[in-house]
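1. Okay, here's the prediction I keep looking at, along with the sequence it came from:
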Amino acid sequence: MPRSCVRPRLNFKYFLAAISLFISLLVISSAHAEQVIVYSARIEQLIKPMFDAFTKDTGIQVKYTTDQEGVLLARLKAEGKNTPADILITTDAGNLWEAARADLLRPVNSEILEKNISPHLRDPQNRWFGLSVRARTLVYNTRNVNIADLSTYEDLASSKWKGRLCLRTSKKVYNQSLVAMMIAEHGEAETEKIVRGWIANLATDPLSDDTRAMEFVAAGRCDVTLVNSYYYGRLMKKAPELPLAIFWPNQNNSGVHVNVSGAGVTKYSKNPQAAIKLLEYLSSEKAQNLFADVNMEYPANPEVKSDLAVASWGDFKQNPMNLAKAGELQAAAIKLMDRAGYR
Ligand code: FE
């Protein structure tokens, strides 16, 4: 057989082998590229609709597991480089700050995220981004409180509220973040004075959750409390006859204390490009409405309008201080609340 006939056949064999190797590599890499794995402290019903919409629009699958934030942070730390997670979602900024401090998140450079999310709601180093805003505000009994008496968080320490205040336990991160932001604004000594004033005004021992605190207010066992506004929304949907209303405090000074449910891309994400795509998607107008409205929260994208029922509670000025402070000062806040007798 002439040489010229053998050679092309051999080459053709190599060519086929190369093609099949190329195809299998393509299949493997696209299998990786088309999936994002999320560890979420936000419960399933508050994330699944957005993930489904993302998959529908992009073809990228989202796998998720939900758990308490502490459990997810410990898991990320323990898994280190081997973590399957691409994204961490939490329900407050303090835990995102802690994840960044523990070097579990990577900086993300995304013009879309920087444009869509207000600067005070994201990490100055772009390791986490708020995706929905949770306002911690005053709820009062409309029969027992003269609205002219309401003004600020700080004023709840004044003697006119003696025996009239209910508070959720200091163990909840929402209150720790609020006190941390107060420390950032007033310093420790002044904040401790305020918290001691709150405790002196309590009508009852601190309560287990925001809804319970509002139920006490509605029943007249106290007149005013501090809650995240979406709990007010949920309760009023169930029981619109309750004599409760929202008041936005600190409108002439620091603004309403806000926190976020937010997310970051893990340091050891195997698929950071798709993970960033998902975060960008969650910050977009379409997903922002889903993300916020499903829990009666506020969009973190200032271009997006809130849900109609939420909008009916009125506009308010947010505290513009960067939420990283809530993380930085969380330990100080916990110690301060303990010293002040806030259990
Ligand atoms: Fe909550």
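-> Happy to help now that I have it.

2. Check the gap between the nearest residue to E285 once chain neighbours are set aside and A292 for me.
-> Spatial nearest neighbour of E285, excluding adjacent residues (CB to CB, 6 or more residues apart in numbering): V304 at 5.3 Å. In this view, the C-beta of every residue, glycine as well, is placed from N, C-alpha and C. Distance from V304 to A292, counting by CB to CB, to the nearest Å: 7 Å.

3. Alpha carbons of stretch 263-283, as CSV, please.
-> Only the C-alpha atoms of stretch 263-283 are listed here, as CSV (Å, rounded to 0.1, in the frame of the first residue of the first chain):
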residue,chain,number,x,y,z
ALA,A,263,-25.4,37.6,49.2
GLY,A,264,-21.8,37.2,48.3
VAL,A,265,-19.8,34.8,46.0
THR,A,266,-17.7,32.3,48.0
LYS,A,267,-13.9,32.6,47.9
TYR,A,268,-13.6,29.0,46.5
SER,A,269,-16.5,29.1,44.1
LYS,A,270,-15.8,26.7,41.2
ASN,A,271,-18.1,28.7,39.0
PRO,A,272,-17.8,32.4,39.9
GLN,A,273,-18.9,33.7,36.5
ALA,A,274,-22.3,32.1,36.7
ALA,A,275,-22.5,33.0,40.4
ILE,A,276,-22.0,36.7,39.5
LYS,A,277,-24.6,36.4,36.8
LEU,A,278,-27.1,35.1,39.4
LEU,A,279,-26.3,38.0,41.8
GLU,A,280,-26.6,40.5,38.9
TYR,A,281,-29.9,38.9,38.0
LEU,A,282,-31.2,39.2,41.6
SER,A,283,-30.3,42.9,41.6
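
4. Could you count how many residues lie near S151?
-> In terms of burial, S151 registers 16 neighbours under the definition other CB atoms under 10 Å.

5. So which residues of the chain form strands?
-> 35-40, 61-66, 87-90, 129-141, 165-166, 224-228, 244-247, 257-265, 298-299 (DSSP state E).

6. The residue nearest to E285 contacts Q288, correct?
-> Yes - counting by CB atoms under 8 Å, Q288 is a contact partner of V304 at 4.3 Å.

7. Tell me which of the two has more neighbours.
-> In this comparison of V304 against Q288, neighbours counted by other CB under 10 Å, the higher total goes to Q288 at 26 against 19.

8. which ones are touching the more buried one?
-> Residues near Q288 by CB atoms under 8 Å, 6 or more residues apart in numbering: 116, 131-132, 282, 299-301, 304.

9. Equivalent analysis for E280, please.
-> Contacts for E280 were tallied using CB under 8 Å, 6+ apart; they are 110, 112-113, 116.

10. how about the contacts of Q288 in TSV, adding pLDDT?
-> Output for these, formatted as TSV (pLDDT from 0 to 100):
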residue	pLDDT
N116	98
L131	97
S132	97
L282	98
P299	97
A300	97
N301	97
V304	96
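
11. between the residues you listed, which is closest to K63?
-> L282 (15.8 Å; CB to CB).

12. Surely that closest one is in contact with F291?
-> Yes - with the criterion set as CB under 8 Å, L282 and F291 qualify as a contacting pair; they are 6.0 Å apart.

13. hang on, the earlier thing: which one of the contacts of E280 has the most neighbours?
-> Most crowded among the contacts of E280, counting by other CB under 10 Å, is N116 at 24 neighbours.

14. roughly how far apart are it and G130?
-> Between N116 and G130 the distance is 10 Å, computed by CB to CB.

15. shared neighbours, those two?
-> The contact lists of N116 and G130 share A300, where a contact means CB under 8 Å, 6+ apart.

16. List the beta-bridge partners for the most centrally placed residue in the chain.
-> Centroid-nearest residue in the chain, with CA atoms, centre = their mean: S261, separated by 1.1 Å. When assigned by DSSP bridges, S261 has beta-bridge partners S132.

17. pretty sure it contacts L121?
-> No - using CB under 8 Å, S261 is not in contact with L121; the gap is 10.4 Å.

18. Could you name every residue contacting both of those two?
-> Overlap of the contact sets of S261 and L121 (by CB under 8 Å, 6+ apart) consists of G130.

19. All the helices of this structure, in order from the start?
-> When assigned using DSSP state H, the helices of the chain occupy the ranges 3-33, 48-58, 69-79, 93-101, 111-116, 173-186, 188-201, 210-218, 229-238, 272-283, 285-293, 308-311, 324-328, 330-339.

20. ok, and the closest non-adjacent residue to I112?
-> In space, I112 comes closest to E280 once its chain neighbours are excluded; the distance is 4.4 Å by CB to CB, 6+ apart.
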